[in-house]
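**Q** Next come a sequence and a model predicted from it.
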2 protein chains.
Amino acid sequence: MTPTITAFERSPDGGRGQARDMRVRWALEEVGQPYEVRLVSFNGMKEPAHLARHPFGQIPTYEEGDLVLFESGSIVFHIAERHAGLLPEDANARARAITWMFAALNTMEPPIMERATAVILERDAAWHEQRLPLVDDRIRKRLADLSRCLGDADWLDGAFSAGDLIMVGVLRRLNRSALLDEYPNLSAYVGRAEARPAFKRAFAAQLAVATAAATG
Amino acid sequence: MTPTITAFERSPDGGRGQARDMRVRWALEEVGQPYEVRLVSFNGMKEPAHLARHPFGQIPTYEEGDLVLFESGSIVFHIAERHAGLLPEDANARARAITWMFAALNTMEPPIMERATAVILERDAAWHEQRLPLVDDRIRKRLADLSRCLGDADWLDGAFSAGDLIMVGVLRRLNRSALLDEYPNLSAYVGRAEARPAFKRAFAAQLAVATAAATG
């Protein structure tokens, strides 16, 4: 059964692959699962039909028969559990890959989200320019730990996994800052992930939506 | 094999059950799995032996034979996968329970962590009093969505699950603010979880550590 995901009708990032449907598209491409996309407007995201799918009125969602999921982490995990290619078969390696998914979403992403929130919602606040370096330093602390842990390995724990997919999805939110450049092995790690054919197909698909919205 | 977890030697919350080992203790109590605890000092958390277990130098960690995990979400999931009681057997219900785990950690907790960070690290900043209400409003937005979704149900999706355990663990971080009181059904939800015998045993165990540290 072909699953249906939701994505922004007009993504705030203009197709740079920063919206969270990108993570789900990428996972589906990695495992070779075709999918359909329902585009949702900002107004539509707050309407009852979408809130029934996503209690927090966001994207992405995932529908497959009578199963409805939200949260990119959960959807990627669901895909990874049902298809080969995103989680190792060895039980311990699998548990470690899942650990990296949670680490990306609950340890790495929060300060990065805090930065995005500040830049979007507190840009005109009196304190913004003074406060942003504090937030950046919190991000640097996490990046330094991750950089040390990755070392010169290609991926976080042996083979590429859903843990790398989510971590790279999170790190790419820093693309418009210079923070990632301070950690060359992390920049190279993101670059390695972006070179994967599945990433490229997913990126092209979300860019096509943005291009159509801009010219439509 | 009895797993070993790590916890703060001196928890910053003084035993109010807000440190993240509480979530792991609670999960282990729910499934009836005995465990051992290794206490770690703030200096010890930054030493190589602990960094080898936890790249970000935090607690909790989980050791079971040659498996070493970090991230409370991942550890709770690992426990839930291996024991009955924290995830439904029905595949769709299981996927939805996992979705609530991710929603708690990646949608609900980030603004709550942002508040905690502000209160701890920006307390003396010139902007703190002016900025805190903005952060609180971001939390309220999430709480309102969760409150509407929970309605008058006991748990988020039928029976109590790891999704409720993680969500309550996150919501309890608001215990020292009045925010949760604004949503009576969420306060009652947290209260229902805190009344579970497994929660009480886990709470008592972490409180005993804090009490021993204070009198030791």
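**A** Happy to help now that I have it.

**Q** buried set for the lengthiest helix in chain A?
**A** Longest helix of chain A, by residue count under DSSP state H: helix A:128-150. Of the residues in helix A:128-150, A:131-132, A:135-136, A:138-140, A:142-143, A:145-147, A:149-150 count as buried by neighbour count, 16 or more other C-beta atoms under 10 Å in any protein chain shown. Backbone N, C-alpha and C define where each C-beta goes, glycine included.

**Q** how about the residue most central in space within chain A, what does it touch?
**A** Closest to where the C-alpha atoms of chain A average out (C-alpha atoms, centre = their mean) is residue A:169, at 3.5 Å. Each residue near residue A:169 by C-beta atoms under 8 Å, 6 or more residues apart in numbering or on different chains is listed here: A:20, A:22, A:23, A:26, A:72, A:104.

**Q** With pLDDT and neighbour count added, can I get those in TSV?
**A** Shown next, in TSV, are those (pLDDT from 0 to 100; neighbours: other C-beta atoms under 10 Å in any protein chain shown):
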residue	pLDDT	neighbour count
A:20	96	21
A:22	98	25
A:23	98	24
A:26	98	30
A:72	98	29
A:104	98	27
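
**Q** would a markdown table of those residues with secondary structure and distance to residue B:15 be doable?
**A** Shown next, in a markdown table, are these (DSSP: H, G, I helix; E, B strand; the rest coil; distance: C-beta to C-beta, whole Å):
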| residue | secondary structure | distance to residue B:15 |
| --- | --- | --- |
| A:20 | coil | 37 |
| A:22 | helix | 42 |
| A:23 | helix | 38 |
| A:26 | helix | 43 |
| A:72 | helix | 35 |
| A:104 | helix | 30 |
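
**Q** of all the residues you listed, which comes closest to residue B:157?
**A** Comparing the contacts of residue A:169 against residue B:157 with C-beta to C-beta places residue A:72 closest, at 18.8 Å.

**Q** From what I see, that closest one and residue A:60 are in contact.
**A** Yes: if you go by C-beta atoms under 8 Å, residue A:72 and residue A:60 touch, sitting 5.9 Å apart.

**Q** circling back to that earlier point, check the contacts of residue A:169 against chain B, which are close?
**A** Among those, the ones lying near chain B by C-beta under 8 Å from any C-beta of the partner chain are residue A:72.

**Q** With respect to chain B, which of the contacts of residue A:169 is nearest?
**A** Chain B lies nearest to residue A:72 out of these, by C-beta to the nearest C-beta, at 7.9 Å.

**Q** What separation do you get for the closest one and residue B:189?
**A** With distances taken as C-beta to C-beta, to the nearest Å, residue A:72 is found 25 Å from residue B:189.
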